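Participant: Structure, please.
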Amino acid sequence: MRMSNPLFQSMMGNSTGNIQQMIEKLKKQYPGDPNQYIQQLLNSGRISQAQYNNAVQRAQQIQRMMGKN
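Facilitator: Next comes the predicted model:
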């Protein structure tokens, strides 16, 4: 399966064993509540509703991959 998200590709490289490292890197880049952050982007108009929906879908996919429902 080929990943189409360049951010995900750059953070993951070729190994799926780096998920914890990816999470730690994201926590450092975006401290605080990720839901509030993405909602602020939507409210400010920096992202569209479609982009917001896509981000929510991707987050849910990651949660399922990690076994968190």
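Participant: Which neighbouring elements make contact with the helix ranked longest in the chain?
Facilitator: Longest helix in the chain, counting residues (DSSP state H): helix 49-65. Packing partners of helix 49-65 (3 or more C-beta pairs under 8 Å, 6 or more residues apart in numbering; DSSP states H and E): helix 34-44. Where you see a C-beta, it was placed from the backbone N, CA and C, and this is true even at glycine.
Participant: so who does the closest residue to residue 41 other than its chain neighbours touch?
Facilitator: Nearest non-adjacent residue to residue 41, counting by C-beta to C-beta, 6 or more residues apart in numbering: residue 47, 4.5 Å away. Residue 47 sits next to 38, 41, 55 when contact means C-beta atoms under 8 Å, 6 or more residues apart in numbering.
Participant: Can I have the buried ones of those as a PyMOL selection?
Facilitator: The buried residues among the contacts of residue 47 can be selected in PyMOL (16 or more other C-beta atoms under 10 Å) with this line:
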select buried, resi 38
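Participant: Redo the contacts of residue 47 as JSON lines? Include distance to residue 27.
Facilitator: As requested, the contacts of residue 47 are exported to JSON lines (distance: C-beta to C-beta, whole Å):
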{"residue": "38", "distance to residue 27": "15"}
{"residue": "41", "distance to residue 27": "17"}
{"residue": "55", "distance to residue 27": "16"}
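Participant: a markdown table please, covering the contacts of residue 47 and showing pLDDT and distance to residue 24.
Facilitator: Formatted as a markdown table, these follow (pLDDT from 0 to 100; distance: C-beta to C-beta, whole Å):
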| residue | pLDDT | distance to residue 24 |
| --- | --- | --- |
| 38 | 84 | 19 |
| 41 | 88 | 22 |
| 55 | 84 | 19 |
